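Chemist: Quick one, what's the 3D model for this:
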Amino acid sequence: MANKRINAVLVAGGKYHDIDFARLEILKLLAEDDRVRVRVFEDYSNVAAIQAADFLITYTCDVMPGLEAQEALKAYVEGGKRWYALHGTNSILRFLSPEGAGYGQLLVDAPRWAPLFMQTLGSQFIAHPPIAPFKVMVSQPNHDLVKGVEPFETDDELYLMETHGDLDVLLHCAFGGEAQGFVDKDWAQADHPVFYIHRVGKGEVLYLTLGHCRGHYDMPGIADFYPQVERCAWNLPVFYDLLRRGIAYVKAPAE
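Modeler: Numbering: from 1, shown residues only. All right, here's what the predicted structure looks like:
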């Protein structure tokens, strides 16, 4: 129905990223369809709001739901809903560095503390090499979500992940080498998912790993003033194209 209200939940919160920037950019994209009404939260604790939403979109870092919320998220997708998960949604980070260590001396672990959450998402972030340009390749050129998208280069966090289940990979990149600063730092040459669909029951998780962003004041306790503003894939029109396509995809069943 053309004039039907569509209810969305955006979870935007967490650490080490310019969440304010990402939240605003995502809300602007959601506002392009005036049928979409959005409730915004920093975490997953409002289970009732998520259950009532027609679709879910998330941009987080190191935000781990409790078990009740993990079970609710799995049931939400299994029941036929769609979830667009962005960037650090699949991250759990713990710093093992000595107190007072500078940013370049950090040692980061990715503990496997929320397996149900990661199994629903289809992946868990483990590490990334230092931010540097890399090429994103199109895995399925005829899929509607990436049709017409050409291979492109971005300077973003290249996510190295453990995957769960059968992923329908739409974009990928190749990497082999060292992820400096992470416990799991040595990676054999392989292709890594960048954009994928993970089907769970009757529903789907659509995951896009790109979209790192950081401002001057987003590393409290590590750096009082982070010297470089990082926007990465947010500087590219193709990234906004993928965001728009993904939003259209996850809201489609509600239309």
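Chemist: do you know how far N90 is from A223?
Modeler: 24 Å (CB to CB, to the nearest Å). Where C-beta positions appear, they are placed from N, C-alpha and C, glycine not excepted.
Chemist: likewise F95?
Modeler: Counting by CB to CB, the gap from F95 to A223 is 13 Å.
Chemist: now swap in P237 and tell me
Modeler: 30 Å.
Chemist: Which one's more surrounded, the two?
Modeler: The residue with more neighbours, out of P237 and A223, is A223; 14 against 8, by other CB atoms under 10 Å.
Chemist: Pairing-wise in the sheet, spell out the partners of the more buried one.
Modeler: M219 (DSSP bridges).
Chemist: list the buried ones in the strand or helix carrying D168?
Modeler: Element membership for D168, per DSSP states H and E: strand 167-178. Within strand 167-178, the residues that qualify as buried by neighbour count (16 or more other CB atoms under 10 Å) are 167-173, 175.
Chemist: Which of these sits closest to V63?
Modeler: L167 (21.9 Å; CB to CB).
Chemist: So that closest one is in contact with G122, correct?
Modeler: Yes - in this structure L167 lies within contact range of G122 using CB atoms under 8 Å: 5.4 Å.
Chemist: Overlap of the contact sets of those two?
Modeler: Contact criterion CB atoms under 8 Å, 6 or more residues apart in numbering; residues shared by L167 and G122: 196, 198.
Chemist: ok so, going back, what packs against the strand holding D168?
Modeler: strand 132-138, strand 186-200 (3 or more CB pairs under 8 Å, 6 or more residues apart in numbering; DSSP states H and E).
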